[in-house]
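S.K.: test case, fold it:
(one chain, ligands or ions: 1)
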Amino acid sequence: MTTKVGYLGPKGTFTKIAVDALFSGEEKQSYMTIPECIDAVKHGHVTYGVLPLENALEGTVNVTLDYLIQYKMLKIVSEVVVPIRQHLMVHPDHRDDWKDITTIYSHPHAIAQCHRFLHNGMKHVPTETFTSTGAAAQYVSEHPESKFGAIANTLAATEYGLDIVKENIHDFSNNHTRFVVLHKNDIQWSSPRLESKGYKTTLMISLPTDHAGALHQVLSAFAWRKINLSKIESRPMKTGLGNYYFLVDVEQKMDDILIPNTIAEIEALGCSAEVLGSYPYFICENV
Ligand SMILES: O=C(O)C(=O)Cc1ccccc1
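M.R.: Next up, the predicted model:
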């Protein structure tokens, strides 16, 4: 099978920017939703799946994380952080009367990232969500008769022939999104285009409900080994109120001693720990 890379599409999404930053010659396949892309990796229709996992302003992309947890057979094999710049764009026919737009379309995270701009500058204009910023831009391009606007990136403006009428409308300049590359197996992957900035290992940990201080003990298993954590987050197990997983990002590569011993200590406490991936991470500076 030729190597195919699946991603949250259509063309012109931030996810496509992440794909272009990491991969080179492989065939690309866009999917309209995150679950569709994850299914495609699971069923072997594509070799890799690239999806947004965490945004600096909005936090975790829950759909990606929840599917990753459910389909534990998929591994994170890489991560790339991409700067996110949001722009307001319209069909060229509405370039001069863009202030009269009646609806603004985008991905929910993009709308949230531009909250102040929308609240202050476009107070009475309703927003509607799409599965991606690219899909919103495509929709606006297909409806020249309507005064619609999309919040999306410059790639989307080019791909769909839209005019950017207000640049950089995101509320905070430090707007980055972390994208992960998923694969069926725990392979060693490195980008032909970017140099890795280091390694991470992501663990999924569950605690018994009746064990007071379990989280404290789990964290101390990392602490006394001087293992640095870059993220800890809880997500519902979906088995009942109050049952949570903890997702922990460790700032180092899976090794033969430190991390396996930490896992053994966590298991000895009556908790469980699974490795969701041990992978290089990349930073995309220019988009
Ligand atoms: O909608 C997109 O373009 C995506 O790739 C998801 C997303 C949305 C908003 C910020 C970063 C990623």
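
S.K.: bridged to the closest residue to I151 other than its chain neighbours, which residues?
M.R.: With C-beta to C-beta, 6 or more residues apart in numbering as the criterion, I151 has its nearest non-adjacent residue at 3.8 Å, and that residue is S106. C-betas here are computed from N, CA, C, even on glycine. Here S106 sits in beta bridges with T129, as judged by DSSP bridges.

S.K.: ok, now which ones touch S106?
M.R.: S106 sits next to Q86, C114, T127, T129, F130, T133, A136, A150, I151, A152 when contact means C-beta atoms under 8 Å, 6 or more residues apart in numbering.

S.K.: now flag whichever of these is closest to the ligand.
M.R.: T133 (3.6 Å; C-beta to the nearest ligand atom).

S.K.: neighbours around E233, how many?
M.R.: By other C-beta atoms under 10 Å, 14 other residues sit near E233.

S.K.: ugh, wrong one, I meant S196
M.R.: S196, neighbours per other C-beta under 10 Å, totals 14.

S.K.: any idea how far the residue nearest to I151 is from F117?
M.R.: Distance check for S106 against F117: by C-beta to C-beta, to the nearest Å, it reads 12 Å.

S.K.: next one: N153
M.R.: 15 Å.

S.K.: who's in contact with the residue of the stretch 151-287 of the chain found nearest the ligand?
M.R.: The nearest approach of the stretch 151-287 of the chain to the ligand comes at T177, 4.1 Å away (C-beta to the nearest ligand atom). Contacts were defined as C-beta under 8 Å, 6+ apart; by that measure T177 touches F14, A18, P52, E54, N55, A56, V81, V82, I84, H109.

S.K.: now F117
M.R.: Counting by C-beta under 8 Å, 6+ apart, F117 has contacts L88, K166, I169, H170, D171.

S.K.: run through who's touching the helix or strand encompassing A136.
M.R.: A136 is part of helix 133-141, with elements assigned from DSSP states H and E. Residues from elsewhere that reach helix 133-141 (C-beta under 8 Å, 6+ apart): 9-14, 16, 32, 86, 89-91, 105-107, 110, 130, 148-153, 156-157, 159-162.

S.K.: if we look at the ligand, which of those residues are close to it?
M.R.: T13, F14, H107, A110 (C-beta under 6 Å from any ligand atom).

S.K.: just these: which are in helices?
M.R.: Using DSSP state H to define helices, the subset of these located there is F14, A110.

S.K.: avg pLDDT for stretch 225-234?
M.R.: Average pLDDT, stretch 225-234: 95.

S.K.: and it, how far out from the chain's middle?
M.R.: From the chain centre to the centre of stretch 225-234 is a distance of 19 Å (C-alpha atoms, centre = their mean, to the nearest Å).

S.K.: outside of it, which residues touch it?
M.R.: For stretch 225-234, the surrounding residues in contact (C-beta under 8 Å, 6+ apart) are 54, 60, 65, 200, 219, 222, 244-252, 258-259, 261-262.

S.K.: beta partners of the closest residue to T15 other than its chain neighbours?
M.R.: Of all residues not flanking T15 in the chain, L8 sits nearest, at 4.1 Å (C-beta to C-beta, 6+ apart). Note on L8: beta-bridge partners by DSSP bridges are Y31.

S.K.: now the ones next to the ligand among the contacts of helix 133-141: which count as buried?
M.R.: T13, F14, H107, A110 (16 or more other C-beta atoms under 10 Å).

S.K.: quick one: these as JSON lines, columns for distance to Y279 too.
M.R.: Formatted as JSON lines, these follow (distance: C-beta to C-beta, whole Å):
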{"residue": "T13", "distance to Y279": "22"}
{"residue": "F14", "distance to Y279": "20"}
{"residue": "H107", "distance to Y279": "25"}
{"residue": "A110", "distance to Y279": "26"}
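
S.K.: quick one: which of those is nearest D39?
M.R.: T13 (18.0 Å; C-beta to C-beta).

S.K.: name the residues of the stretch 1-150 of the chain found near the ligand, please.
M.R.: Proximity of the stretch 1-150 of the chain to the ligand (C-beta under 6 Å from any ligand atom) is limited to residues 8, 13-15, 52, 55, 84, 107, 109-110, 132-134.

S.K.: oh, I was asking about the stretch 151-287 of the chain
M.R.: With C-beta under 6 Å from any ligand atom as the criterion, the stretch 151-287 of the chain meets the ligand at residues T177.
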